[in-house]
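Undergrad: Kindly return the folded structure for what I paste below:
(2 chains, ligands or ions: 2)
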Amino acid sequence: MSVKQGLLALLATEPMYGARLRAEFESRTGGTWPLNVGQVYTTLARLERDGLVEAIGEDAEGRISYRLTRTGRAEVAMWWASPVTRETTPRDELVIKLALAVTVDGVDVNRVVQTQRTATLRHLQDLTRLKQRATTHHEAAADGDGQVDLAWLLVLENLIYAGEAEVRWLDHVEARLVREANRPRKSADGIPTTVQDGTTDSATRMVSNALKGGTR
Amino acid sequence: MSNAPSNDVILRLDNVTRVHGTDGTAVRALAGVSLDVRAGELVAVMGPSGSGKSTLLNLAGGLDAATSGQVIIEGQSIGTLKGDALAKLRRRRVGFVFQDFNLIPSLTAVENVALPLELDGQRVGKARRRAIDALSMVGVQDLADRYPDKMSGGQQQRVAIARALVGDRRLVLADEPTGALDSHTGEGVLRVLRERCDAGAAGLLVTHEARHAAWADRVVFLRDGVVVDSTGTPDTAEALLEPTA
Ligand SMILES: Nc1ncnc2c1ncn2[C@@H]1O[C@H](COP(=O)(O)OP(=O)(O)O)[C@@H](O)[C@H]1O
Ligand SMILES: [Mg+2]
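TA: Ligands and ions are numbered 1, 2, ... in the order given. Below is the predicted model of the structure:
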């Protein structure tokens, strides 16, 4: 996701100047991705350079509004029509932390898992309270406000499902660690090895599971 | 933890242990669990299968007896109660909600909800009025005269919650109440449970779904019959440091 696509999508609704774009972006995403004005203006400058937007003059207060060009409109249509790609490697600190935890001596992995799960649950509790409030507001809201509430609800639910997925993955890690601890281990030459050697491939498996999408 | 609960503690488990079976085959399902649930509070219990969640819930509702420790409901230690007195306390004070709703198929919604009151000796007319009130609280008063097989899963579960809360019962114990429901319907059930707790009930909710546990004020984690953590007790970095010799 880029700020660029977000701004283009907003400009498709009507021409706007920078500060207003920023306000619209934030209210529709519930402040989940705060932008600074500088970021908005540099992005607009780049979009103008690339021929995706054009300035349509100043208003009385000297604010320059932008509108989409034909190419810009095509770009927006393309964005709505394409799936979001997940090609970039997730650099999830939690995955890396757990992979390290199972390979570094003297770390209580179960404790790391439990601490994370508790924290994620607390985060889910906060999100759920926000969602309750937003749902009530949404049910009471007039049309225009209602759409913004709905957008915010969808963002919240995305975060809730992501948190839940993380907890499920942690449950899975915990169960795997228990199985691993109970498993008799053999090396390639048939001689039993210490558990410390075995943990290396469980770390590898954990990371590769995560990269396959286990954390989403 | 003192043995005299403050006024708003509806449920207290004090160092409760439950061992199933004897000697060689003994399984310690719960080991020294202490927990308070106050009026207005919803507490979720999470943990892997076999960690003792259902055992905890059954003990909390007097369906099972502790091997040691005390279960105290509204100030009354239920271990000291004899059969009849315990059954009465359960009927008057505690409501259960299960995964499979457990409504009686040959009774309508209102009859299902009124049943515990009638069993407790209330007159039919009065029991029915209170049952209608309970159905209204969970938003299904229109279904009063319907039989369970003519209701959706979510509607049946709302009726089950009404039954759990009818009369003066302020302790509701729910074991995987959303298990068989789709996510939207399951959430509706949690919303109702949350509202009832906000209105003064005390709730204990067993669930394996984090998304559902998150509706609670506090989440308690069980593993092998032991409480290993709770969202009510933030870790301090201090506590993690090994004591220096
Ligand atoms: N009536 C019983 N007799 C013997 N063992 C039991 C009985 N009920 C539960 N257990 C054992 O106690 C442990 C906890 O069970 P339970 O409370 O049902 O766990 P959960 O609800 O978390 O899956 C399990 O090991 C289970 O096999
Ligand atoms: Mg169970």
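Undergrad: Could you give the bridge partners of the residue nearest the centre of chain B?
TA: By CA atoms, centre = their mean, the mean C-alpha position of chain B lies nearest to B:L173, the distance being 1.0 Å. Judged by DSSP bridges, the bridge partners of B:L173 are B:F96, B:L204.
Undergrad: I'd guessed it sits against B:L59; true?
TA: No. Assessed by CB atoms under 8 Å, B:L173 is found out of contact with B:L59, at 10.0 Å. The way it works is simple: take the backbone N, C-alpha and C, and place the C-beta from them, glycine included.
Undergrad: any idea how far the residue nearest to the centre of chain B lies from ligand 2?
TA: 12 Å (CB to the ion, to the nearest Å).
Undergrad: which residues touch that residue?
TA: B:57, B:60-61, B:94-97, B:164, B:203-204 (CB atoms under 8 Å, 6 or more residues apart in numbering or on different chains).
Undergrad: Read off the pLDDT value for the residue most central in space within chain A.
TA: With distances taken as CA atoms, centre = their mean, the residue of chain A nearest its centroid is A:L159 (7.6 Å). Looking at A:L159, its pLDDT is 90.
Undergrad: Helices along chain A, start to end?
TA: Secondary structure of chain A (DSSP state H): helices located at A:3-11, A:18-28, A:37-49, A:70-81, A:93-101, A:109-140, A:143-182, A:195-209.
Undergrad: about what we covered before: how about the residue nearest to the centre of chain A: what's its closest non-neighbour residue?
TA: Using CB to CB, 6 or more residues apart in numbering or on different chains and skipping the chain neighbours, the partner closest in space to A:L159 is A:L127 (5.5 Å).
Undergrad: neighbours around that neighbour, how many?
TA: Using other CB atoms under 10 Å in any protein chain shown, the number of residues around A:L127 comes to 21.
Undergrad: do A:Q132 as well
TA: 15.
Undergrad: Over to B:V124?
TA: Other residues close to B:V124 by other CB under 10 Å number 11.
Undergrad: is it true that it touches B:L115?
TA: No. In this structure B:V124 lies outside contact range of B:L115 using CB under 8 Å: 10.7 Å.
Undergrad: any idea how far B:V226 is from the nearest residue to A:T43 once chain neighbours are set aside?
TA: Among residues not flanking A:T43 along the chain, A:V3 sits closest, at 5.2 Å (CB to CB, 6+ apart). Taking CB to CB, to the nearest Å as the measure, A:V3 falls 48 Å from B:V226.
Undergrad: List every C-alpha atom in the helix or strand hosting B:R128, with coordinates, as CSV.
TA: Assigning secondary structure by DSSP states H and E places B:R128 in helix B:124-137. Listed next in CSV are the C-alpha coordinates belonging to helix B:124-137 (Å, rounded to 0.1, in the frame of the first residue of the first chain):
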residue,chain,number,x,y,z
VAL,B,124,-46.7,-20.1,36.1
GLY,B,125,-48.1,-16.6,35.3
LYS,B,126,-45.3,-14.8,37.1
ALA,B,127,-42.6,-17.1,35.8
ARG,B,128,-43.9,-16.4,32.3
ARG,B,129,-43.8,-12.6,32.8
ARG,B,130,-40.3,-12.7,34.1
ALA,B,131,-39.3,-15.0,31.2
ILE,B,132,-40.7,-12.5,28.7
ASP,B,133,-38.7,-9.7,30.4
ALA,B,134,-35.5,-11.9,30.1
LEU,B,135,-36.2,-12.5,26.4
SER,B,136,-36.7,-8.8,25.9
MET,B,137,-33.3,-8.1,27.5
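Undergrad: what's it packed up against?
TA: Secondary-structure packing of helix B:124-137 (3 or more CB pairs under 8 Å, 6 or more residues apart in numbering or on different chains; DSSP states H and E): helix B:109-119, helix B:153-165.
Undergrad: Dump the ones you listed into TSV; add distance to ligand 2 and mean neighbour count as well.
TA: Listed next are the helices and strands packed on helix B:124-137 as TSV, based on distance: least, CB to the ion, whole Å; neighbours: other CB atoms under 10 Å in any protein chain shown:
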stretch	distance to ligand 2	mean neighbour count
helix B:109-119	23	22
helix B:153-165	17	26
